[in-house]
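Undergrad: Okay, here's the prediction I keep looking at, along with the sequence it came from:
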Amino acid sequence: MPDTPLARALVERIRKEGPLTVEAYMEACNAYYYATRDPLGSSGDFVTAPEIHQMFGELVGAALADVWIRAGKPADAVYVELGPGRGTLANDALRVLRRAGFEGEVHLVETSPALREAQAKLLPEAIFHDDLATLPEAPLLLAANEFFDALPVRQFIGERERHVILAAGGFAFDRDGPIVERSPARVEVADQLAGHIARNGGAAIIIDYGYTEEEVGDTLQAVRGHRFSYVLDHPGEQDLTAHVDFASLADAARQAGATPSRAVSQGTWLETLGIAARAMALAAKNPQDTESISAARRRLCDEGEMGRLFKVLAIRVPSWPDVAGLGS
């Protein structure tokens, strides 16, 4: 039996309540995991796009600045980020937004004490929220990078939901077979976000790895120390994620009265926004970094790296223009 604080708590929970759904297991593991550490960087478990290079956050900021300007520069607009990591994306995006004349507040939706501490050092002006419910009733310029993938999924085999049980001295799944995944938690957040935008204005850019059409199969995965790990090992000590169904997010946005864009690959979107020109400009100013800048662009954009698996979706109030590179 894995001997971690959360593992002991889950054993006791299963003995008292019975088998846990995959959704409940994933939710418990990630809540503990993110509450107890900074998982990013070489000393953590994984690296996200904003940590690879400043170009990523700058282009997100440029897209938000552009749509804000074309919407008439509403003075009450605020910058919001869901799951902002160390604050790197917000810092890079806001540098571009401020240069464009944006003077709005900064709101970060983050529950991890460890990550809030890192974000506050980089963004001392930030206002923190546990969830979307307390965001101000104002137009949003919102970014969500690798946020939805960590929200829990339900797994079904046929008509029966998959559970985690105790077996052979450890955790095990109660059944195997062709799996279909659903995520009410993700749909609920998308509904909240789109409803806020429909009422108050704004635009959101969602970036995550996932798919745009029906996908059948088990996409639940664990990462620990930059390596894949078995999802039932080390509860609460590794990052659990699953592929995001972008079609379900778009459907939720429509039903809430907002307008979703088509979902495009991250590589296509970044190239459309001009990452090549930005890379050339940075290399011209910092010739000693030319190779590292080129390597970062390849990692962000190439099909064999993050370029194809990661998708980008925009959600906007119908009265606002399309986000650049993300038409309806």
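TA: Looks like it came in fine.
Undergrad: okay, CA-based contacts and neighbour counts for the rest of this
TA: Noted.
Undergrad: Check which element follows the lowest-mean-pLDDT helix or strand in the chain along the chain.
TA: For the chain, scoring each helix and strand by mean pLDDT, DSSP states H and E identifies strand 227-229 as the least confident one, at a mean of 88. Secondary structure here is assigned by DSSP states H and E; on that basis, the next helix or strand after strand 227-229 toward the C-terminus is strand 239-241.
Undergrad: Name the residues of that following strand that come out as buried.
TA: By neighbour count, and taking 16 or more other C-alpha atoms under 10 Å as the criterion, the buried residues in strand 239-241 are Asp239, Leu240, Thr241.
Undergrad: cool, stretch 67-81 as well?
TA: With burial defined by 16+ other C-alpha under 10 Å, the residues of stretch 67-81 counted as buried are Val67, Trp68, Ala71, Pro74, Ala77, Val78, Tyr79, Val80, Glu81.
Undergrad: can you put the residues you listed in CSV and add pLDDT, secondary structure and distance to Gly101?
TA: As requested, those are arranged in CSV below (pLDDT from 0 to 100; DSSP: H, G, I helix; E, B strand; the rest coil; distance: C-alpha to C-alpha, whole Å):
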residue, pLDDT, secondary structure, distance to Gly101
Val67, 98, helix, 13
Trp68, 98, helix, 10
Ala71, 98, coil, 13
Pro74, 98, coil, 11
Ala77, 98, coil, 12
Val78, 98, strand, 13
Tyr79, 98, strand, 13
Val80, 98, strand, 17
Glu81, 98, strand, 19
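Undergrad: just these now: which is nearest Ala35?
TA: Distances from Ala35 to the buried residues of stretch 67-81, taken as C-alpha to C-alpha, are shortest for Glu81 (17.9 Å).
Undergrad: Isn't that closest one up against Leu140?
TA: No: with the criterion set as C-alpha atoms under 8 Å, Glu81 and Leu140 do not qualify as a contacting pair; they are 9.6 Å apart.
Undergrad: pLDDT on the lengthiest strand in the chain, on average?
TA: Once the chain is assigned using DSSP state E, the strand that runs over the most residues is strand 202-211. Averaged across strand 202-211, pLDDT comes to 97.
Undergrad: Just the C-alpha atoms of that strand, please, in CSV.
TA: Written as CSV, here are the backbone C-alpha positions of strand 202-211 (Å, rounded to 0.1, in the frame of the first residue of the first chain):
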residue,chain,number,x,y,z
GLY,A,202,-15.0,40.3,-22.4
ALA,A,203,-13.1,37.4,-24.0
ALA,A,204,-11.4,34.3,-22.7
ILE,A,205,-8.5,32.3,-24.2
ILE,A,206,-8.4,28.7,-23.1
ILE,A,207,-5.2,26.7,-23.9
ASP,A,208,-4.9,23.0,-23.0
TYR,A,209,-4.1,19.6,-24.4
GLY,A,210,-7.1,17.8,-25.7
TYR,A,211,-9.4,17.0,-28.6
